[in-house]
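Chemist: Following is a predicted model, sequence given first.
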Amino acid sequence: MAFLRFSRDKRGVENFYLVQPTTNRRGKVRPHVLYWFRSPPDVKVGREPFDPEVRRALEAQNPDVTFDWRAIVETPIPSADADKWRERRRAERAAKHAAAEEESADAADDEPDASAASDAATTVTASVVATPSVAAQPAQPAPGAPSGGDAPRARRRRRRGGGGRGGNTPAGPSPASTEPSGD
């Protein structure tokens, strides 16, 4: 028995599919489209998807398929309220973002405060080990570390792919600096 499948794309174009389920040799049921009618959104003029001519033609082309035209024509078509659809999607996205922010805030609250723990450890260590002359000296940056204390380290960019270069090339002078000799 054939049935109606309806869809509407993001621009509002309506698609009516008359589908017959068929079974292949392996026993898997797959839909077979017998008829497809496409219509722009909110059309008040023109023909119906299943007018009498189309019905007769479909019955003539598919004599082994039974059509329940009353059930097909009376299939409810969903409304085309795109604004309500957009509002619903926006609400879903806002809920996802709120849940993600709440989850990240919960994760931050669950982790022990690493900076407070390290400050406490350095305070205890400094009071036991440090002498007044050592405590008065400013901290020296580690060798190779950028000067300026709070300055962020320079980020290195990673290249992806070969960029047209041919595999492993031996290290040596660049091709531009080597010129053929005039011997």
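Modeler: Noted; the coordinates are in hand.
Chemist: Low-confidence regions, this structure specifically.
Modeler: 80-85, 110-152, 161-183 (pLDDT under 70).
Chemist: ok, now with 80
Modeler: Scanning the chain with the threshold set as pLDDT under 80 gives 42, 78-87, 107-183.
Chemist: tell me the SS of L18?
Modeler: The three-state label given to L18 by DSSP: H, G, I helix; E, B strand; the rest coil is strand.
Chemist: Run a quick neighbour tally on Y35.
Modeler: By other C-beta atoms under 10 Å, the residues close to Y35 number 19. Every C-beta, even on glycine, is put in place using the N, C-alpha and C of the backbone.
Chemist: quick one: the helices in the protein?
Modeler: 52-61, 69-73, 82-110, 114-129, 132-136 (DSSP state H).
Chemist: Return the set of buried residues in the first one.
Modeler: Just to be clear, that refers to helix 52-61. L58 (16 or more other C-beta atoms under 10 Å).
Chemist: just checking, what packs against it?
Modeler: Contact analysis of helix 52-61 by 3 or more C-beta pairs under 8 Å, 6 or more residues apart in numbering; DSSP states H and E lists strand 29-39 as its packing neighbours.
Chemist: Which other helices and strands does the strand it packs on contact?
Modeler: strand 14-23, helix 52-61.
Chemist: try 6 Å
Modeler: strand 14-23 (3 or more C-beta pairs under 6 Å, 6 or more residues apart in numbering; DSSP states H and E).
Chemist: P78: how many residues sit nearby?
Modeler: Neighbours around P78, by other C-beta under 10 Å: 9.
Chemist: Sorry, slip of the keys, the one I care about is E14.
Modeler: Using other C-beta under 10 Å: E14 sits among 19 other residues.
Chemist: mind checking how far it is from L4?
Modeler: 12 Å (C-beta to C-beta, to the nearest Å).
Chemist: try E92
Modeler: On the measure of C-beta to C-beta, E92 and L4 end up 29 Å apart.
Chemist: who has more neighbours, the two?
Modeler: L4 (19 against 10).
Chemist: Who are the contact partners of the more buried one?
Modeler: By C-beta atoms under 6 Å, 6 or more residues apart in numbering, L4 lies in contact with 72, 75.
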